[in-house]
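K.L.:
sequence unknown, structure follows:
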């Protein structure tokens with residue numbers, strides 16, 4: 001009897017370029033990496049550098065400090081998961097800086113891979129700007145997992161990020177795209193484009209319906225209904241909308257969980273708005289349990305039009321009613337989400353949402369995302385990667 005064929009992933013590892021590992025928000029970058037590491041060794045590489053450079057002594061000192069930190073061996077986070085940082089010098093228009101970044105980045109990553117014991121490897125980019133390393137790491141396969149319209153982010157070096165995104169989209173052997181609005185444009189650049197929407201940690205957020213889950217002390221006594229928001233408060237959040245909603249319903253409580261990166265003095269001035277700052281990811285179901293309804297109050301800009309919001313699935317997995325602005329991904333959940341096109345619709349949606357917590361409604365919301373877990377997403381993506389490897393023989397040596 002013949003032995004079963006070895007998996008094309010056997011003996012492979014992943015060098016994974018993602019967002020800041022230590023950021024308070026757990027993004028798809030983190031979720032996918034953790035699940036890949038259950039199957040393959042993963043070196044997670046923090047990849048700072050999307051922000052437009054600021055010619056300040058503070059930036060120079062920070063860059064030098066991070067360059068020195070990059071000389072340290074990678075830190076082991078779990079059985080098959082390592083972490084390192086490969087920073088880039090800012091001021092890329094100065095002579096020699098771009099060349100130094102390329103040479104140093106390649107050397108530092110290959111060194112970290114060697115120290116982590118990863119030989120045969122796949123390069124996996126969740127951010128575009130380290131894409132200059134694609135094909136330069138001795139990898140068997142290059143994956144680009146595009147989760148956002150990166151050049152539309154506020155404060156980034158938009159011209160450079162757009163160019164990096166374009167080049168990596170064309171270069172990748174497999175291009176996974178999370179935002180549905182970007183799929184066709186990416187497919188025009190790369191025929192090996194695969195739609196791969198975000199997932200959700202359904203088990204974690206399902207704890208919001210567990211009687212044993214305790215609401216945090218600071219939220220337990222808030223007068224209801226409680227309107228909840230989980231996530232950073234960035235430039236793409238419509239803070240004036242939240243202020244207006246809170247002013248229209250002064251008897252309600254608005255509980256905002258996440259770091260404020262923009263001015264929120266107007267929110268703090270309202271007695272029924274409670275900003276509790278960033279909270280540990282594992283504790284989010286406790287905060288969600290306090291919510292009677294949840295909001296996705298995005299500004300309508302290019303970034304939001306192409307977004308695939310994680311919090312949408314997290315709110316639904318927690319069983320909570322959702323009121324949101326409109327975009328292509330959110331519209332797919334219109335059966336379970338109240339979509340508003342202006343302030344008045346948003347408020348009317350909240351009025352209906354706060355009384356929509358019957359057991360059958362909760363069960364329907366949870367069921368809407370029950371099959372969209374991060375585990376299922378990672379399994380599907382790995383199946384595509386294995387299929388590609390098995391049908392292509394261009395195996396580069398490390």
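P.N.:
Okay, I see it. Given the structure is predicted, the values throughout are model-derived calculations rather than measurements.
K.L.:
next, work out how far apart residue 336 and residue 362 are.
P.N.:
Distance of residue 336 to residue 362, given as C-beta to C-beta, to the nearest Å: 11 Å. For every residue, glycine as well, the C-beta is placed using N, CA and C.
K.L.:
equivalent analysis for residue 38, please.
P.N.:
30 Å.
K.L.:
quick one: which of these two has more around it?
P.N.:
residue 362 (18 against 15; other C-beta atoms under 10 Å).
K.L.:
give the contact list for the more buried one.
P.N.:
Residues near residue 362 by C-beta atoms under 8 Å, 6 or more residues apart in numbering: 209, 319.
K.L.:
check the gap between the closest residue to residue 12 other than its chain neighbours and residue 334 for me.
P.N.:
In space, and not counting its chain neighbours, residue 12 is closest to residue 120: 5.1 Å by C-beta to C-beta, 6 or more residues apart in numbering. Between residue 120 and residue 334 the distance is 45 Å, computed by C-beta to C-beta.
K.L.:
please say which of these two ends up with more neighbours.
P.N.:
Each of residue 120 and residue 334 has its neighbours counted (other C-beta under 10 Å); residue 120 has more, 16 against 11.
K.L.:
for the more buried one, grab phi and psi.
P.N.:
Main-chain dihedrals, residue 120, degrees, to the nearest 10: phi -60, psi 130.
K.L.:
close enough to count as contact, it and residue 10?
P.N.:
No - Residue 120 is not in contact with residue 10 according to C-beta atoms under 8 Å; the separation is 9.0 Å.
K.L.:
for stretch 140-153, what is the average pLDDT?
P.N.:
Stretch 140-153 shows a mean pLDDT of 88.
K.L.:
equivalent analysis for stretch 340-353, please.
P.N.:
For stretch 340-353, mean pLDDT rounds to 97.
K.L.:
what are the buried residues along it?
P.N.:
Within stretch 340-353, the residues scored as buried using 16 or more other C-beta atoms under 10 Å are 340, 346-347, 349-350, 353.
K.L.:
how about stretch 323-335?
P.N.:
Buried residues in stretch 323-335, defined by neighbour count with 16+ other C-beta under 10 Å: 323-327, 329-330, 333.
K.L.:
tell me which residues are up against it.
P.N.:
Outside stretch 323-335, the residues touching it (C-beta under 8 Å, 6+ apart) are 179-181, 197, 238, 293-298, 300, 304-309, 312, 316, 322, 337-341, 346, 349-350, 353, 368.
K.L.:
what do you get for stretch 208-223?
P.N.:
207, 226, 251-253, 255, 272, 274, 276, 279, 283, 285-290, 318-320, 362, 366.
K.L.:
farthest-separated two in the buried residues of stretch 323-335?
P.N.:
323 and 329 (15.7 Å; C-beta to C-beta).
K.L.:
show me the residue sitting in the middle of the chain in space.
P.N.:
Geometric centre of the chain, nearest residue: residue 27, 2.7 Å, by C-alpha atoms, centre = their mean.
K.L.:
buried sites along stretch 194-210?
P.N.:
Buried, per 16+ other C-beta under 10 Å, within stretch 194-210: 194, 196-202, 204-209.
K.L.:
which helix runs longest in the chain?
P.N.:
helix 97-116 (DSSP state H).
K.L.:
that one packs against which elements?
P.N.:
Under the contact definition 3 or more C-beta pairs under 8 Å, 6 or more residues apart in numbering; DSSP states H and E, helix 97-116 sits against strand 13-18, strand 42-46, strand 81-85.
K.L.:
mind checking how far it is from the chain centre?
P.N.:
25 Å (C-alpha atoms, centre = their mean, to the nearest Å).
K.L.:
which stretches in the stretch 151-300 of the chain count as helices?
P.N.:
158-171, 183-189, 202-206, 217-220, 239-248, 265-268, 284-289 (DSSP state H, counting those that start in this stretch).
K.L.:
in the longest one, what's buried?
P.N.:
Put plainly, it is helix 158-171. 160-162, 164-165, 168-169, 171.
K.L.:
now, among those, which is nearest to residue 129?
P.N.:
Closest to residue 129, out of all of the buried residues of helix 158-171 and judged by C-beta to C-beta, is residue 164, at 4.8 Å.
K.L.:
what are the buried residues along stretch 257-271?
P.N.:
Using 16+ other C-beta under 10 Å as the test for burial, stretch 257-271 gives 257-258, 260, 264, 267.
K.L.:
give me the contacts around it.
P.N.:
Applying C-beta under 8 Å, 6+ apart, the contact partners of stretch 257-271 are 24-25, 228-235, 237, 239-240, 242-243, 246-247, 250, 254, 256, 273, 275-279, 284, 287.
K.L.:
one more pass at 6 Å, please.
P.N.:
With C-beta atoms under 6 Å, 6 or more residues apart in numbering as the test, stretch 257-271 has contacts from 24, 230-235, 243, 246, 273, 276, 278-279, 287.
K.L.:
and if you look at stretch 286-295?
P.N.:
Residues contacting stretch 286-295 (C-beta under 6 Å, 6+ apart): 208, 213, 215-216, 219, 224-229, 257, 315, 318, 320-323, 350, 353-354.
K.L.:
nearest spatial neighbour of residue 276, chain-adjacent residues omitted?
P.N.:
residue 257 (5.6 Å).
K.L.:
what about that neighbour, distance to residue 363?
P.N.:
For residue 257, the distance to residue 363 - C-beta to C-beta - is 24 Å.
K.L.:
returning to that earlier point: filter the contacts of stretch 286-295 down to the buried ones, ChimeraX style.
P.N.:
Buried members of the contacts of stretch 286-295, defined by 16+ other C-beta under 10 Å, are picked up in ChimeraX with:
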select :208,215,219,225,226,227,228,229,257,315,318,320,321,322,323,350,353,354
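K.L.:
please pick the buried ones from the contacts of stretch 323-335.
P.N.:
If we count by 16+ other C-beta under 10 Å, the contacts of stretch 323-335 have these buried: 179-181, 197, 238, 293-298, 304-309, 312, 316, 322, 337-340, 346, 349-350, 353, 368.
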